[in-house]
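Undergrad: A structural model of the following input is requested.
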Amino acid sequence: MQLKIKVPISEWRSPAKGEKVYAQGKTPIGDVTLTRQASANLAVHARADAWEDWKVGNGDTEYLLVRDFGAPGVLSQRLLKRGLAGQFEGEVVKVAVNSSISRKSRYVRFDFPRDRLTFLPYRLGVHLINHHREIIAIRQNGQWEFSGSSPKNVLTVCLFEWGEMDYFLRNPLIRQL
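TA: Okay, here's the model as predicted:
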C-alpha cells in the first residue's frame, strides 16, 4: 500500500480553505483519496480552531467521513484526545485514543456499529485487530500487509496514516524529546 501526500508540507499542516484532495494512495481496494474541507460546524470554537471535515474514499460509493477534525499535527492530536465521530456508509463511527507510559494501555480505536477496529503498538510496528482480537493488518518498516482487505479496514488504515494517529502509540516520554 502506497500513500502519498499531494500538497506541500506547509499546506498539509495548515487548515483547509476549500474542498481539495490532499492525499492519495494505491491500496488493495484501488485508488483512495483524502479530501479535506472547512467544517460545516458554525460554532465559535469550531471556527477559531479551524475544524475540518475529512473524507477518505475510493469513489462515491464507499467512504469514511470524519467531521470536526483538524489539520495534521497539534490540532488534530488535541481533537483526537476528546474523541471524534464520523460515518462509514451511513453508519456512525467513533474514534477514541489513549496514550500511556504503559505500552499495553496505548491504542487508537474505531468503533463501528457491529465491529471495533483497534490499532495497537507491537514491537517496532503496529497491529490492527478486530473485536475478536484477530489480526487484520500489520505495519512493519512503514509498509502495511493485510490479511483479507475489506473497504472498511483499508479506509481506516488510510485515515490512521494520514491523520498521523500513530503519535498516540508512541511512548509519551520519548515523543517529548
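
Undergrad: State the distance from F160 to R67.
TA: Separation of F160 from R67 (Cβ to Cβ, to the nearest Å): 17 Å. Just so you know, the C-beta spots here come from the backbone N, C-alpha and C atoms, and that holds for glycine as well.

Undergrad: I misspoke; the intended subject was W162.
TA: The value you get for W162 to R67, if Cβ to Cβ is used, is 16 Å.

Undergrad: Q2 now?
TA: Counting by Cβ to Cβ, the gap from Q2 to R67 is 27 Å.

Undergrad: Give me the more crowded residue out of these two.
TA: Using other Cβ atoms under 10 Å as the criterion, Q2 and R67 rank with R67 on top: 17 against 9.

Undergrad: after the helix or strand hosting the more buried one, next one along is what?
TA: Element membership for R67 (DSSP states H and E) is strand 63-69. The first helix or strand that comes after strand 63-69 along the chain, using DSSP H and E, is helix 74-82.

Undergrad: Specify the angle between that next one and strand 63-69 in degrees.
TA: Using axes from the mean of the first three to the mean of the last three Cα atoms, to 10 degrees, the inter-axis angle of helix 74-82 relative to strand 63-69 is 100 degrees.
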